[in-house]
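> this one's structure only:
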Ligand code: BG6
Ligand code: MG
């Protein structure tokens, strides 16, 4: 039986938390006197918390003292966590469980590769922690953020599967680049306009047939 490593990003792939990140950053920008568009938000997906605030401050032409910077970062995370507190399994994106079940049935490697420092908490909230528990790599485990491939390379190591035998599901521009650089197959979850550099692109998991997964496994 062939064994491949399937590495999932979290925010915007397994759960729709991308909308909560956007809401929290938008609130913060508004507080500082400017706004963030949905197009700008695409550039924040997959990007670490620190780097996101640096980019946002650039957009608003704002400079902050180190203390203020830390304060705003904490405030954004508190706002974000207030949304997370309400989450349950109902927020798992459609047909994600179908694909996870299939991967478990066929005894494939399953890993998480997320930039978020809240990843473990969110997996617990939606009841998916056990499926991923042997191979979770998140914002606490990496020194280089996406588009650097580090997060996915560590995930492959945890699975004990060669990077070229790994497949990554990603909704962010930076994450697809990271997967490609790692030598993995990249599957973009989102629009062709944004994720054109992915090997395959689907709007969401409802478009992914188990037959397609089977073909990836048998390659
Ligand atoms: C990524 C999100 O998964 O995690 C980004 O796409 C977010 O929007 C990043 O900034 C860091 O998340 P957190 O939960 O550590 O602030
Ligand atoms: Mg994401």
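Noted; the coordinates are in hand. As the structure is a prediction and not an experimental result, all values here were calculated from the model. Ligands and ions are numbered 1, 2, ... in the order given.
> Could you list the residues of this structure in contact with ligand 1?
10-11, 21, 44-49, 52, 77, 114-118, 139, 172 (CB under 6 Å from any ligand atom). Every residue, glycine included, has its C-beta placed from N, CA and C.
> And this protein, split by domain according to the record?
Domain segmentation of the chain under automatic domain parsing yields 5-15+89-218, 18-84.
> okay, how far is it across the last one, tip to tip?
Think domain 18-84. In domain 18-84, first residue to last residue: 11 Å (CA to CA, to the nearest Å).
> Then the longest one?
Using CA to CA, the gap from the first to the last residue of domain 5-15+89-218 comes to 12 Å.
> Let's test this: mean pLDDT of that domain, rounded?
Across domain 5-15+89-218, pLDDT averages out at 97.
> Identify the spatial nearest neighbour of the most centrally placed residue in the chain, chain neighbours not counted.
Most central in the chain under CA atoms, centre = their mean is residue 9, positioned 3.4 Å from the mean C-alpha point. Leaving out its chain neighbours, the residue that sits closest to residue 9 by CB to CB, 6 or more residues apart in numbering is residue 170, at 4.7 Å.
> One more: residue 125?
Computed as CB to CB, 6+ apart, the closest residue to residue 125 that is not its neighbour in sequence is residue 87, at 4.5 Å.
> Does residue 205 touch residue 100 like I think?
No. Contact between residue 205 and residue 100 fails when scored by CB atoms under 8 Å: they sit 9.6 Å apart.
> one step back: how many other residues sit next to the residue nearest to residue 9?
Residue 170 is flanked by 30 other residues according to other CB atoms under 10 Å.
> which residues does it contact?
9, 13, 46, 176, 178-179, 186-189, 195, 198 (CB atoms under 8 Å, 6 or more residues apart in numbering).
> wait, the residue nearest to residue 125 sits on residue 122?
Yes. The pair residue 87 / residue 122 is scored as a contact, 6.8 Å apart, by CB under 8 Å.
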